[in-house]
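Undergrad: build the 3D model from these lines:
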Amino acid sequence: MTDWDSAPFLQGAHLPQDTMVASDEKGTANTADKTKAPVGLDDDEGALTSLPPGDEDFEKLVDSIGGHGPFQIFIWTVGFGTKASAACVFLFMSFAGATPGFWCAPSVTSAGNGSDVTEVEKERWRGAYNDSKEDLWKTCEVNGTTCSSFVFDDSMNTIVGEWWLVCDKKWVSTTITSVQMAGVLLGAMVAGQTADIWGRRKVCIAMLIGQFSFSLANAFSPDWIFFIVTRFGAGVSAGGYLVPYFSLTMEFTDVRWRAFLGAIPAWPVGSGLMALAAWLLHDWQYLGIAIACFTLPFLLAWWFMPESIRWLLVHGRVDEAQRNLARAAKVNGRLEPDENLTRKLASLELSKAKSARVYSFLDLFKTAELAKRSCSLFFVWFSSGAVYYFLAFGAENLSGNLYLNIFLLSIVEIPAMFLSAFLNNKIGRRWTAFLMYMSAGVCAVIVIILIQTGAPGVAINAMVVTSKLAMGGGWAAALVFSAENFPTVVRNIGYGACNVASRVGGIVAPQMVFIYTTQPSIPYAVVAVLMVGSSLLFLTMRETNDQALEDVITMPSSGSSKTHPVAMGTIQCSTRM
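TA: Model (predicted):
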């Protein structure tokens, strides 16, 4: 969400060890040259007033090495460039699983290679199909006899034409996509745990090796059984990468520039590039190889990425942390930071890790109010995942050029992100999310009316793209709104649970695409219900814009409140998907 990808998944949270900073955080970046600046921030910058003890020292450390210099640009380029490659993996099936025009070929031998069908016959079938512009030729039987062989339009080569996944096998393509999205969910959960054990960098590299290997193997699948296995592996790898990379990129960036990271449109750019590559190649195998090649340079670059400083400090690897800091300072033209400050931070991080209470998923239901809020947000994120990926994977169901449809459904998210960021601060997170989700639902209702009345395909396409724009902008607002609605002590757990809900929605989405092939109005009716329902749920929750964040779970008890205290922190969220 898109993909929303950076939180630990349902694991015990030692907060505020990994604090979070809002992606639309206010403030402007001071780009003045501070090559010789001492450790610490200028008095007039005031960026540290809400940071927990220890985090203030950490932000000073980041500022001392240059929080937005050439070193950070390298990290951003590698981190978000790799995210763009993950978007290609996620949305690969929007092209590879598309069904080209096909014709029943009863004269073809059971061997199924179509060798005894003459070119004259093929051209006659293609000409009739192109003249009709309808699916009249996509039939599964002739004169009551079930077709055992098919001829496919060779203007594009997808897995459907490769293994004849039509008629009684038409369920295979969307099932493969659901299996891939199940892999995404598993990868995210595994990476959330292993990143705390082995480190963010190692997990990112391992996931990228998997993404490259499975994408390449996938392109040489001998049958759809092998294809489904490798798609699952690619999903695990891409989904796993999206969990640890964001916190690592954030750590080396000063607080004033973190809002910039939230505005980097890596996901829509990646999916747009995938559409462009599909248009140029017209072949699922070549596209799979291209995605693997796109991943490879970022995989190599990750070997030069630093490990998370906080992770190193918590695990007592102070010397390695100091070397990484010294390297960053050298690249940015700064002096090496004071090693005493690094050791002080190590002591603080270890102390926090030992003394912090471990919260669990069940704490999200500790009070009636928090339980209601949690369930509402889980529904919103499930709905968002289901609708987002239904619209993305359903590009083939729109009229016109498949490649253009995929491209438009991808790049429309870029203006949606900026519109959401603008409205978030103008009218608040709650009203922004409400209006955009409601707009997406209304567009879905209009699509149903257009389908039922036989309206031109271009009108339906326009409403679908508008719905995707509204939904994408609304999800961007919901990301920040959701994180801010969870108390600090359970924020990572709540945010991770929301991610799980969205991944489940992503598993359901391909089946909505399958239903569309027989009942085109039903999936859009589901979209309307999910989007309108989500928009109304936003109105039941409090506005969080310019409001103090809840740090503790308040337990009502005879007119008083029982709380679990924790240091104050700010929120930091990655982009979705």
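Undergrad: hey, let's count contacts and neighbours off CA atoms from now on
TA: Fine.
Undergrad: and what about Gly394, helix, strand or coil?
TA: helix (DSSP: H, G, I helix; E, B strand; the rest coil).
Undergrad: pretty sure it sits against Val513.
TA: Yes - at 5.6 Å, Gly394 counts as touching Val513 under the criterion of CA atoms under 8 Å.
Undergrad: give me the contacts around stretch 191-210.
TA: Outside stretch 191-210, the residues within contact range by CA atoms under 8 Å, 6 or more residues apart in numbering are 7-9, 11, 233-234, 236-238, 240-241, 243-245, 248, 295, 299, 302-303, 305-308, 311-312.
Undergrad: and that stretch, how far out from the chain's middle?
TA: Here stretch 191-210 is found 17 Å from its chain centre; the criterion is CA atoms, centre = their mean, to the nearest Å.
Undergrad: average pLDDT across it?
TA: Across stretch 191-210, the average pLDDT comes to 89.
Undergrad: buried stuff in it?
TA: In terms of neighbour count (16 or more other CA atoms under 10 Å), stretch 191-210 has its buried residues at 191-193, 195, 199-205, 207-210.
Undergrad: among those, which are in helices?
TA: Using DSSP state H, the subset of the buried residues of stretch 191-210 located in helices is 191-193, 195, 200-205, 207-210.
Undergrad: burial of Leu423, as a residue count?
TA: The number of residues packed near Leu423 is 16, by other CA atoms under 10 Å.
Undergrad: quick check, it in contact with Phe434.
TA: No - look at Leu423 against Phe434 with CA under 8 Å: they stay out of range, at 11.4 Å.
Undergrad: if we can go back for a sec, same list (the ones in helices among the buried residues of stretch 191-210) but as CSV, adding distance to Leu370.
TA: Below are these laid out as CSV (distance: CA to CA, whole Å):
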residue, distance to Leu370
Ala191, 27
Gly192, 24
Gln193, 25
Ala195, 28
Arg200, 31
Arg201, 34
Lys202, 36
Val203, 33
Cys204, 33
Ile205, 37
Met207, 34
Leu208, 37
Ile209, 40
Gly210, 38
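Undergrad: which SS state does Phe304 fall under?
TA: Judged by three-state DSSP, the three-state class of Phe304 is coil.
Undergrad: give me the phi and psi for it.
TA: For Phe304, the backbone dihedrals (degrees, to the nearest 10) come out as phi -100, psi 0.
Undergrad: got it, and Leu539?
TA: phi -70, psi -20.
Undergrad: so who does it touch?
TA: Arg430, Trp431, Phe434.
Undergrad: distance-wise, check the closest residue to the last one other than its chain neighbours relative to Ser374.
TA: Spelled out, that is Phe434. Closest residue to Phe434 in three dimensions, ignoring its sequence neighbours and counting by CA to CA, 6 or more residues apart in numbering: Ser535, at 4.4 Å. Separation of Ser535 from Ser374 (CA to CA, to the nearest Å) stands at 15 Å.
Undergrad: equivalent analysis for Val447, please.
TA: From Val447 across to Ser374, the span is 31 Å (CA to CA).
Undergrad: who has more neighbours, the two?
TA: Comparing Val447 with Ser374 by other CA under 10 Å, the one with more neighbours is Val447, at 25 against 21.
Undergrad: so the more buried one, which state does it fall into?
TA: Applying three-state DSSP: Val447 is helix.
Undergrad: check contacts around it.
TA: Ile460, Met463, Val464, Tyr524.
Undergrad: tabulate the residues you listed in TSV, adding columns for neighbour count.
TA: Formatted as TSV, the contacts of Val447 follow (neighbours: other CA atoms under 10 Å):
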residue	neighbour count
Ile460	22
Met463	19
Val464	22
Tyr524	24
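Undergrad: and those residues, which of them are in helices?
TA: Using DSSP H, the contacts of Val447 in helices are Ile460, Met463, Val464, Tyr524.
Undergrad: so who does the first one touch?
TA: To tie it back to what came earlier, the one meant is Ile460. Leu398, Val447, Leu450, Ile451.
Undergrad: pLDDT below threshold where in the chain?
TA: Residues of the chain meeting the criterion pLDDT under 70: 1-57, 105-138, 142-144, 259, 353-357, 546-552, 554-577.
Undergrad: try 50 this time
TA: 1-54, 108-116, 128-129, 131-136, 558-561, 563-572, 575 (pLDDT under 50).
Undergrad: name the nearest of the contacts of Ile460 relative to Ala84.
TA: Proximity of the contacts of Ile460 to Ala84 (CA to CA) peaks at Leu398, which lies at 24.4 Å.
Undergrad: quick check: closest non-adjacent residue to that closest one.
TA: Asn461 is the one closest to Leu398 (CA to CA, 6+ apart), at 6.1 Å.
Undergrad: now the helices for the stretch 151-300 of the chain?
TA: In the stretch 151-300 of the chain, the helices defined using DSSP state H, counting those that start in this stretch lie at 159-163, 171-198, 200-219, 224-241, 245-251, 258-262, 266-281, 284-302.
Undergrad: thank you, goodbye.
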